[in-house]
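Novice: Dropping a prediction and its sequence here:
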Amino acid sequence: MGTALSRAFAAAGHEVAVWNRTHAKAKAVGGGTVAFENLREAVSGRDLVVVSLSNYAASAELFSSADVASALSGTTLVQLTSGSPADARSGLEWANAHGVDYLDAAILAYPSFVATDYATVFYAGSRAVFDRHHQTLQAIARNSVYVDEKIGSAATLDCAILEAYYGGCLSMLHAAAMCKAEGLDPQLFFAQKASFLGLVSVTADAARDMVARDDFSGDQCSLNTHVAALEHIVRLSRDARISARFPQELLENYRRALGAGLGAQELPAVFRTLTQE
């Protein structure tokens, strides 16, 4: 990811200094970038510093050096390392203590998507700081989205989207496994992609309005009916001798909503039980 980001900035005509814990990797970036062995020298005098590391702990370790922290004073630091809202808050606290303007960011893209229409980057922090660097940041993603002043908001939105992605992918793969276990070619399932994605899209649209109104009443399909369908899926999985852990977890969450007296409500009513301890 760091290589893709560096090359995108350089391709947009920016002067780009690159540093990596393994200097050979920094040198291999090429594309008009300049590789530095010393981190302090790499960040000194820069208007914008973009960090993309394995985790926030690695970032904190690098910036704990007094000379590096001093070199960053007065610059803008964009943290593109994946993490949680708590990580973002810690990053802002460090930045404030060292005179550094700070944006916490989350990139929703594979490295090959950087600088294409498929890349999205969410930003959180000072709106003025974001606006000052917006044009430069569009070099890595034209869809550069400012989320909120709350520093953890970009990480929150990123985690929310990724949970929907990972959960959806796992359910999709489990569905294909059910088909295979029952002697049905999984290709027949994948060919119906538009059907299940369409259902998710329609439900997301309905949930958006219901959550906003905190009203989950309707006349389309009650939670009682959805729970009955999930029970069939769990039984199929067990009968076919494949893992039933995922559908069982789904079933338990939906049943919890029934236990809360929401059985006659629409599917998005599960939201209420997920926001309660």
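Specialist: Structure received.
Novice: Find me the pLDDT at residue 54, would you?
Specialist: Looking at residue 54, its pLDDT is 89.
Novice: Look up phi and psi at it.
Specialist: Dihedral pair for residue 54: phi -70, psi -30, per degrees, to the nearest 10.
Novice: I'd say residue 92 and residue 101 touch.
Specialist: No. Using C-beta atoms under 8 Å as the test, residue 92 is too far from residue 101 to be in contact (10.2 Å). (C-beta placed from N, C-alpha, C; glycine too.)
Novice: Helices along this structure, start to end?
Specialist: Ranges of helices within the chain are 2-11, 23-29, 39-43, 56-63, 66-72, 85-97, 127-137, 153-181, 186-190, 193-213, 223-239, 245-259, 270-274, based on DSSP state H.
Novice: do you know which of these lies nearest residue 111?
Specialist: Between residue 111 and the helices of the chain, the shortest gap by C-beta to C-beta is with helix 2-11, which sits at 4.0 Å.
Novice: gap between that closest one and the chain center?
Specialist: Averaging C-alpha positions (C-alpha atoms, centre = their mean, to the nearest Å) puts helix 2-11 20 Å from its chain's average.
Novice: what does it contact?
Specialist: For helix 2-11, contacts defined as C-beta atoms under 8 Å, 6 or more residues apart in numbering pick out 16, 18, 20, 25, 28-33, 50, 52, 80, 111-112, 114-115, 136, 139-140.
Novice: Tell me which other helices or strands the lowest-mean-pLDDT helix or strand in the chain touches.
Specialist: Ranked by mean pLDDT, DSSP states H and E, the weakest helix or strand in the chain is helix 56-63, scoring a mean of 92. Secondary-structure packing of helix 56-63 (3 or more C-beta pairs under 8 Å, 6 or more residues apart in numbering; DSSP states H and E): helix 66-72, helix 85-97.
Novice: Can you lay out those helices as CSV showing mean pLDDT and mean neighbour count?
Specialist: Below are these laid out as CSV (pLDDT from 0 to 100; neighbours: other C-beta atoms under 10 Å):
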stretch, mean pLDDT, mean neighbour count
helix 66-72, 94, 17
helix 85-97, 96, 18
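Novice: For burial, what's the neighbour tally of residue 192?
Specialist: Applying other C-beta atoms under 10 Å, we find 11 residues neighbouring residue 192.
Novice: quick one: it from residue 179, how far?
Specialist: Per C-beta to C-beta, to the nearest Å, residue 192 is found 10 Å from residue 179.
Novice: Who are the contact partners of the residue nearest to residue 254 when sequence neighbours are not counted?
Specialist: Leaving aside its sequence neighbours, residue 254 sits nearest to residue 227 (C-beta to C-beta, 6 or more residues apart in numbering; 5.0 Å). With contact taken as C-beta under 8 Å, 6+ apart, residue 227 is in contact with 251, 254-255, 258, 263.
Novice: and if you look at residue 140?
Specialist: Residues near residue 140 by C-beta under 8 Å, 6+ apart: 4-5, 8-9, 107, 114-115, 119, 121.
Novice: try 10 Å
Specialist: By C-beta atoms under 10 Å, 6 or more residues apart in numbering, the contact list for residue 140 reads 1, 4-9, 12, 50, 52, 78, 80, 105, 107, 109, 113-116, 119, 121.
Novice: now residue 152
Specialist: Applying C-beta under 10 Å, 6+ apart, we find residue 152 in contact with 83-92, 104, 124-125, 159.
Novice: mind putting the helices and strands packed on helix 56-63 in a markdown table, distance to residue 219 included?
Specialist: What follows is the helices and strands packed on helix 56-63, written out as a markdown table (distance: least, C-beta to C-beta, whole Å):
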| stretch | distance to residue 219 |
| --- | --- |
| helix 66-72 | 58 |
| helix 85-97 | 38 |
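Novice: Of these, which is nearest residue 44?
Specialist: Short answer: helix 66-72, nearest of the helices and strands packed on helix 56-63 by C-beta to C-beta, at 4.5 Å.
Novice: helices or strands up against the closest one?
Specialist: Secondary-structure packing of helix 66-72 (3 or more C-beta pairs under 10 Å, 6 or more residues apart in numbering; DSSP states H and E): helix 39-43, helix 56-63, helix 85-97.
Novice: No further questions, thank you.
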